[in-house]
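quick one: sequence and predicted model below, then my questions.
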Amino acid sequence: MKIKVKNSTRKKMGKIAKILVVLWAFVFLIIGFELFSKNEIKFVAKDYFLRVSSREIGSIEKAKHLDIKKVSLEEFLCNNNVTVDESLLLVNEKYKINENYVPQVIYLEERDVEINRCAKDAFDELSKALFEKTGETLFISSAYRDYDKQKEVKEEEGKIAQNPGCSEHQTGLAIDVFVKNFAGKSFIKSQSGQFVNEKCGDYGFIIRYPVFGEGKTGISYEPWHLRYVGLPHSQIISNSKITFEDYINFFELGDFYTYENYVITRQNTNNIFVPESYESAVVSEDNTGAIIITFKM
Ligand SMILES: [Zn+2]
């Protein structure tokens, strides 16, 4: 059966549709304006739109004209200017850590938490810089958690927490931070949260689960979860707007890369290649079966 619609009715309906479109546009404008007048949304939006593709890592390139020599790893680690730490362990659902893994942690008495030894000085410096900038104290809500503690957290928090064996908190390299009145997701609403998110790369830390990284990390934005990776890695990762997964993946085994006065190499054999001369070096396993050596030249 055909329904006949009168001309006048059709005109009326057209008018109503137009009014609805205008109304919707108006509502969207207001919502848009509301959102973008909020500092934290502006901050997060900027972070999202500034990201570059994972293969364009700023200012880092393959080393040319570098004199290298072959040494045994054992022999290399005996040098006084070579430090071994755990700063570049990649931990996620794919690269898990063992239930019995015990990292090199240090107890911070005044905060009553344990963090990885290698992150201590960097965290003090970041806290100091924040205090100088905003007058706020950077508190720690959680840092090192062993396997059993992570199991408990998973049971309590469910989906938001990582599975035991997949949490960076088991390395002591992850530090959950907050300032007075601004914890968790609202940390980024504070001036302090924005300072920490923007500047932590200069102090050896990265935002491990950045706003643009969910596709790679599988974890949504956590502005409070800092991860120590050390310099210059934190600067490269932060400035390039990539995830830690992208970063580790970027280094081809056996190749040498330069960044400012650093040389970085990822290798996986007992006999390694090192530059003929360097000032100092930091060696860390990456939890994918390789080690990453960071030379200061
Ligand atoms: Zn965390």
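Happy to help now that I have it.

next, give phi and psi for the residue of the stretch 51-200 of the chain found nearest the ion.
For the stretch 51-200 of the chain, the residue closest to the ion is D176, as judged by C-beta to the ion, at 4.2 Å. C-beta coordinates here come from the backbone N, C-alpha and C atoms, glycine included. When read as degrees, to the nearest 10, the backbone of D176 gives phi -90, psi 120.

quick one: pLDDT of it?
D176 is assigned 97 on the pLDDT scale.

thought it was touching Y144?
No: using C-beta atoms under 8 Å, D176 is not in contact with Y144, being 10.9 Å away.

sort out which residues of stretch 214-224 are buried, please.
If you call a residue buried by 16 or more other C-beta atoms under 10 Å, then stretch 214-224 has these buried ones: 216-217, 219, 221-224.

ok, stretch 137-149 next?
Applying 16+ other C-beta under 10 Å to stretch 137-149 flags 138, 140, 143-147 as buried.

which other residues reach stretch 174-194?
38-40, 43-44, 115, 119, 123, 130, 133-134, 136-143, 167-168, 196-197, 205, 208, 223-228 (C-beta atoms under 8 Å, 6 or more residues apart in numbering).

and it, how far from the chain's centre?
Counting by C-alpha atoms, centre = their mean, to the nearest Å, stretch 174-194 is centred 15 Å from the centre of its parent chain.

now do stretch 221-228
On C-alpha atoms, centre = their mean, the centre of stretch 221-228 falls 6 Å from that of its chain.

only alpha carbons, please: show that stretch as CSV.
The C-alpha trace of stretch 221-228 is given here as CSV (Å, rounded to 0.1, in the frame of the first residue of the first chain):
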residue,chain,number,x,y,z
TYR,A,221,46.3,5.7,29.0
GLU,A,222,47.8,5.8,32.5
PRO,A,223,49.1,9.2,33.2
TRP,A,224,50.2,8.1,36.6
HIS,A,225,52.3,5.1,35.7
LEU,A,226,56.0,6.1,35.3
ARG,A,227,58.5,3.7,34.0
TYR,A,228,62.2,4.1,34.4
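
where in the stretch 51-200 of the chain is pLDDT low?
By pLDDT under 70, the low-scoring segments of the stretch 51-200 of the chain are 51-56, 58.

bridged to the closest residue to the ion within the chain, which residues?
Closest to the ion within the chain is H225: 3.7 Å, counting by C-beta to the ion. Counting by DSSP bridges, H225 is bridged to D176.

that one and S190, how far apart?
16 Å (C-beta to C-beta, to the nearest Å).

ok, A290 next?
38 Å.

can you list the residues of the stretch 51-200 of the chain near the ion?
174, 176 (C-beta under 5 Å from the ion).

which parts of the protein are strands?
Remark: strands assigned in the chain by DSSP state E are 61-62, 68-72, 82-85, 105-108, 113-116, 139-142, 174-178, 205-207, 225-228, 256-259, 262-267, 271-275, 280-285, 291-296.

possible to save those strands as CSV with distance to A25?
Below are the strands of the chain laid out as CSV (distance: least, C-beta to C-beta, whole Å):
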stretch, distance to A25
strand 61-62, 48
strand 68-72, 63
strand 82-85, 55
strand 105-108, 54
strand 113-116, 50
strand 139-142, 43
strand 174-178, 39
strand 205-207, 35
strand 225-228, 38
strand 256-259, 48
strand 262-267, 51
strand 271-275, 61
strand 280-285, 53
strand 291-296, 52
